[in-house]
Structures are given as structure tokens and as C-alpha cells.
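Asks: coords please:
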Amino acid sequence: MKILQKICFVLLLTTFSSVYGGSYRNCDVNGCLMKAEPRDPLGQNNLGYKYYKGLGVSRDYKEALKWMRKSAEQEYSPAQTNLGMMYSKGLGVPQDYKEAVRWYRLAAEQGFAEAKYNLGLMYSSGQGVPQDDKEAVKWYRKSAEQGFSRAQNNLGDMYYNGLGIPKNYKEAVKWYGKSAERGRAKAQYSLGSMYYNGQGVPKDYKEAFRWWRKLAELGDPKAQYNLGVMYDKGQGVIQDSKEAVKWYRLAKKGYAIEQEEKVRREKLGQGVPPDDKEAFKWTGLAAEQGRFAAQDTLGLRGNSYTESPSYGAKSKKEFDIPIGLIVGSLFMLFLVFQFSTGKKEQYEQEEKVRREKERQEREQQEKVRREKERQKKEREEKSRREKERQERQEQEQSRKKREQPKNSNEKNRSYEDVLGLSSGWTKSDLKSAYRKRCQQIHPDKWKDFPEDIAQRLEEEFKEVQKAYKYLSKK
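Replies: Numbers count the residues shown, from 1 in each chain. The predicted structure is shown next:
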């Protein structure tokens, strides 16, 4: 599948090079030059871009700077931003951070989101201005509120690290989320980490897995490694050693390709002449891993610091494409589409089975948990009742022990206490005391009482009857 994708990608690249490459090298520079001469800021900026990238002409940073400056002096904000970038990197001009800040500020004051972001970078790093995290946060926020994904990611970083603003994981998650939804890889990785560690959001391995999987499928080695760990430990997914090994291997391969891309970028930065064969080689590796940074470096995508130039319609003479090449490319596209559709259906089916299995496991775990809780409550309730019963028995035994007379005199005194008689009582006092006690604890009064209280009153009533009989004989 990957070899098929590489072949198809190279064929398409060749086709598009036939369409656009010739015009870049033969006539588009002249067309831009014709537009740029009458003080057209868009044409001047596009011409500067061609010299910057070496499209149709030899790469010439000084010439690029010249045309970008002409456009920037007409207050064209993308050109002002590009000019600031040239000064910041020292391309075609001695490196001058203060001049870079000046041009960024001019573009930012016109509301250009990317310039605001770059101005935030300068304040964050202290280049051309005193280092000031609060000012960096201010410009990042302005750019982020316009939907610029890199600024949204950096604002999330500032909240996460507490730079220029109080540390706030919830706000960090908010801005990482906005940037991640716009496809920013760094933000997607950071958002996955927040969910994995439970920072600013409840810990959620499934959500972490979802964000890291998006990156892993695009070839990000760190995300691929994290996916391997999650499959290895069964975090957010069913434990699967085979899947873990698969992602570990892809991560290892991805790290190797990243290192090769880094060397290639360094060579390009040193002015190595373009080489189509080398470009195809590295582009194929980048496409296989989904590494957009490599495509940026080789000029296959728009430069991250500049606005993509606009070109007019091409005349029929400019389109000189072999029909066989077009048909072959379309056929390869059809094959890739058919294969990927089948893979997608297979993946969806596997995903459906996985989710159903996870649902059943969750239900089983919940059922076991509820049963354990029920048994625990039953044991606790039984233990409580048994404890109460033992306490009542001990209290009753203690009371009987206290009331039990040791001899005849003590027995008389005990019965007198039961009826509430004082010493020197008469039979009249005895009858009066007996009636009074009966009125207090007669069975008719405690028939609706709880069982334990009724039992105690019944015993007390019997004791009163026994005391009256005993004392009546005296």
C-alpha cells in the first residue's frame, strides 16, 4: 500500500510539475515582473516569493528582499510580515531583530493575524524588544482570537507554563483544543497529554488516545510511541501486544526519517542546489510518514511565513501534458481510492467490534461492582443489628444484676424502690403507689411502642406486680 502511494504521489507530482512547473520557470516570473512594475503590491510580493523560493529563477534573497520591500512600503501587510521574517532570519540583509519587529508591528496594526503572532514570538524570546511574557500573551491572544492556529497553540503553552499570565490548565486545554481542531499538530499532541495526565480536564485515556491516534496516523513518531504504550498497558483501549509492537516499530522508523529530514533541511539552508531526484526521494519518504514539515522544506506546500501567491489563468499554450501520463495518474488514483475504501470499511468494522467488546466489558465490570457494593451493605447492616442486639442484652443483664436483692431487707427495699415508697409506708400508701405506677406503665399504653421498648415496659410492669404482691403480705 505504501509503495503504491509513493508511485502515485510521484506520478501526480510529475503531472502537476508539467502544468505549473513550466510556467514557473519560463513565463510566470515575467508575468509577475509585468504586474510588479506598475506598483502592484500583490505582484511585487509574489515576485519576491519566487526569488525567495527559487521558483523559475535562481534563489536570490537580496532580490526577494527588494520586491518584498517595494510591496511592504505600499502597506501590504503580508509583504510587511515577509519583510520582517527576512530581517529576523538575516536573509538578503544583515540580521536585525529591531527592524523585524518594526515591520511586524506595521502589519499587526493593520490586523494581520500572522504578524501579531510573529510579534508575540519576538516579545517571548526578547529579540528586538525587551523580553516580556505579558506582551507576548497580549499579541498571541489577538492573533488567536482571529483563528490563527499557531497563536492559539502558543497561548495554550503560556497558560500551561504560567508565563506572563497565571498558570491555568483549563484555559490551556481551551486554546489547545481550538488549535487542534484547526489541525495544528503540536496542539493535538499537547491536548492528548492534558487528557492523559488529567490536567485541566478529568483524566481520560480514551480522549488522549483519540488525539494521539490522529497524529500517529499522520506519521508523528512521538504520538506513535505513545500509542504503543497505551496498547501495551491497555489504557483507553483493550490491551493488545501486537498493536503495541506495530506502533513502536512505526515510531522508530519515524524518528529515523525525522533525523534525515533535519539533515536535509540544514543542507537546503546552506544553499545546496535543487536536485529533482533527491527531492522525489525525500518527498516520497515524507509522504509515506505524512511529514508536512519535509514537504514545506522541499517547496511542495506554501511557506509557513508567507502568503501563497496568486497567479492568473494560464493560456492553452502553457498546458503541454502527455495524455498517457494523465490517464496513468488517474488510474493509479482510482486504484488507491478503491484500496483505501476497502481498508476504511475493514477499519470501521474492526472499530465497531472493538467498541462493542469494550461496552460489554464495561457492563460486566459495572455489574460486578454493584454486586460487591450490595453484599458489602448487607454485611454492614447485619453487623450493625447484631451489635445493637448484644448491647441491649448487656444492658438488660446489667439492670437485672443491679435490681437483684442480696437478702430479705434488701429485697423489701428493692420492691419499695420499684413502687416509689418511702420508709414507714402504710397499706394505703402501697395501694396508692401501685395504682400510680400501673397508670404509668399499663400495657394499653405501650402496645404501639417499638418491640424493644415494649419488651422493657412489659418486664417493668411484671416487676411492679411482683413487688405489690410481695409487700401486700407484710
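Asks: those helices in the stretch 351-474 of the chain, which residues are they?
Replies: When secondary structure is read from DSSP state H, counting those that start in this stretch, the stretch 351-474 of the chain shows helices at 408-419, 427-441, 451-472.
Asks: so which of the ones you listed gets nearest Glu135?
Replies: Comparison of the helices of the stretch 351-474 of the chain against Glu135 by Cβ to Cβ identifies helix 451-472 as nearest, at 76.4 Å. C-beta: built from backbone N, CA, C; applies to glycine.
Asks: which other helices and strands contact the closest one?
Replies: Helix 451-472 sits against helix 323-403, helix 408-419, helix 427-441, with contacts defined as 3 or more Cβ pairs under 8 Å, 6 or more residues apart in numbering; DSSP states H and E.
Asks: among those helices, which is nearest Asn154?
Replies: Of all those, the one in closest proximity to Asn154, counting by Cβ to Cβ, is helix 323-403 (33.8 Å).
Asks: in stretch 169-185, what counts as buried?
Replies: Judged by neighbour count using 16 or more other Cβ atoms under 10 Å, the buried positions of stretch 169-185 are 169, 171-180, 184-185.
Asks: please could you give me each C-alpha atom of it, formatted as PDB?
Replies: What follows is stretch 169-185 as a C-alpha-only set of coordinates in PDB (Å, rounded to 0.1, in the frame of the first residue of the first chain):
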ATOM      1  CA  TYR A 169      -4.700  24.300  32.800                       C
ATOM      2  CA  LYS A 170      -8.300  24.700  31.900                       C
ATOM      3  CA  GLU A 171      -7.500  27.800  29.700                       C
ATOM      4  CA  ALA A 172      -4.600  25.800  28.300                       C
ATOM      5  CA  VAL A 173      -6.900  23.000  27.300                       C
ATOM      6  CA  LYS A 174      -9.300  25.500  25.700                       C
ATOM      7  CA  TRP A 175      -6.700  27.000  23.400                       C
ATOM      8  CA  TYR A 176      -5.000  23.700  22.600                       C
ATOM      9  CA  GLY A 177      -8.500  22.500  21.600                       C
ATOM     10  CA  LYS A 178      -9.100  25.400  19.300                       C
ATOM     11  CA  SER A 179      -5.700  25.000  17.600                       C
ATOM     12  CA  ALA A 180      -6.000  21.200  17.500                       C
ATOM     13  CA  GLU A 181      -9.400  21.400  15.700                       C
ATOM     14  CA  ARG A 182      -7.700  23.500  13.000                       C
ATOM     15  CA  GLY A 183      -5.200  20.700  12.500                       C
ATOM     16  CA  ARG A 184      -2.200  22.000  14.400                       C
ATOM     17  CA  ALA A 185      -0.100  19.000  15.200                       C
END
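Asks: tell me the mean pLDDT for it?
Replies: Per-residue confidence for stretch 169-185 averages out to 94 on the pLDDT scale.
Asks: equivalent analysis for stretch 82-96, please.
Replies: In the prediction, stretch 82-96 has an average pLDDT of 94.
Asks: with stretch 204-221 instead?
Replies: Confidence over stretch 204-221 (mean pLDDT, whole number) is 92.
Asks: kindly report the same for stretch 105-124.
Replies: Mean pLDDT, computed over stretch 105-124, is 95.
Asks: what about that stretch, start to end distance?
Replies: Distance between the boundary residues of stretch 105-124 (Cα to Cα, to the nearest Å) amounts to 15 Å.
Asks: now do that stretch: distance to the chain's middle.
Replies: Centroid separation between stretch 105-124 and its chain, computed with Cα atoms, centre = their mean, to the nearest Å, is 28 Å.
Asks: what's the answer for stretch 353-365, then?
Replies: The chain centroid and the centroid of stretch 353-365 are separated by 23 Å under Cα atoms, centre = their mean.
Asks: list the buried residues for it?
Replies: Of the residues in stretch 353-365, none has enough neighbours to count as buried (16+ other Cβ under 10 Å).
Asks: give me the contacts around that stretch.
Replies: Applying Cβ atoms under 8 Å, 6 or more residues apart in numbering, the contact partners of stretch 353-365 are 237-238.
Asks: averaged pLDDT, it. What do you get?
Replies: Averaging the model's pLDDT scores along stretch 353-365 yields 89.
Asks: okay, now the unreliable bits of this structure?
Replies: Along the chain, segments meeting pLDDT under 70 span 1-38, 256-329, 336-341, 343, 401-413, 447, 474.
Asks: 90 instead?
Replies: Counting by pLDDT under 90, the chain has low-confidence residues at 1-44, 47, 55-57, 218-219, 244, 250-355, 357-358, 361-362, 392-474.
Asks: nearest residue to the middle of it?
Replies: With distances taken as Cα atoms, centre = their mean, Leu191 lies nearest the centre of the chain, 3.1 Å away.
Asks: picking that back up, for the helices and strands packed on helix 451-472, give me CSV that also has distance to Lys89.
Replies: As requested, the helices and strands packed on helix 451-472 are exported to CSV (distance: least, Cβ to Cβ, whole Å):
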stretch, distance to Lys89
helix 323-403, 37
helix 408-419, 106
helix 427-441, 102
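Asks: of all those helices, which one is nearest Ser77?
Replies: Set against Ser77 and scored by Cβ to Cβ, the helices and strands packed on helix 451-472 come closest in helix 323-403, at 38.0 Å.
Asks: what inclination does the closest one have with respect to helix 451-472?
Replies: Angle of helix 323-403 versus helix 451-472, following axes from the mean of the first three to the mean of the last three Cα atoms, to 10 degrees, is 0 degrees.
Asks: and the helices in the stretch 101-250 of the chain?
Replies: Secondary structure of the stretch 101-250 of the chain by DSSP H, counting those that start in this stretch: the helices cover 113-125, 133-144, 149-161, 169-181, 185-197, 205-217, 221-233, 241-269.
Asks: let's have the ones you listed in TSV, adding distance to Asn82.
Replies: Shown next, in TSV, are the helices of the stretch 101-250 of the chain (distance: least, Cβ to Cβ, whole Å):
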stretch	distance to Asn82
helix 113-125	10
helix 133-144	16
helix 149-161	16
helix 169-181	23
helix 185-197	23
helix 205-217	29
helix 221-233	31
helix 241-269	17
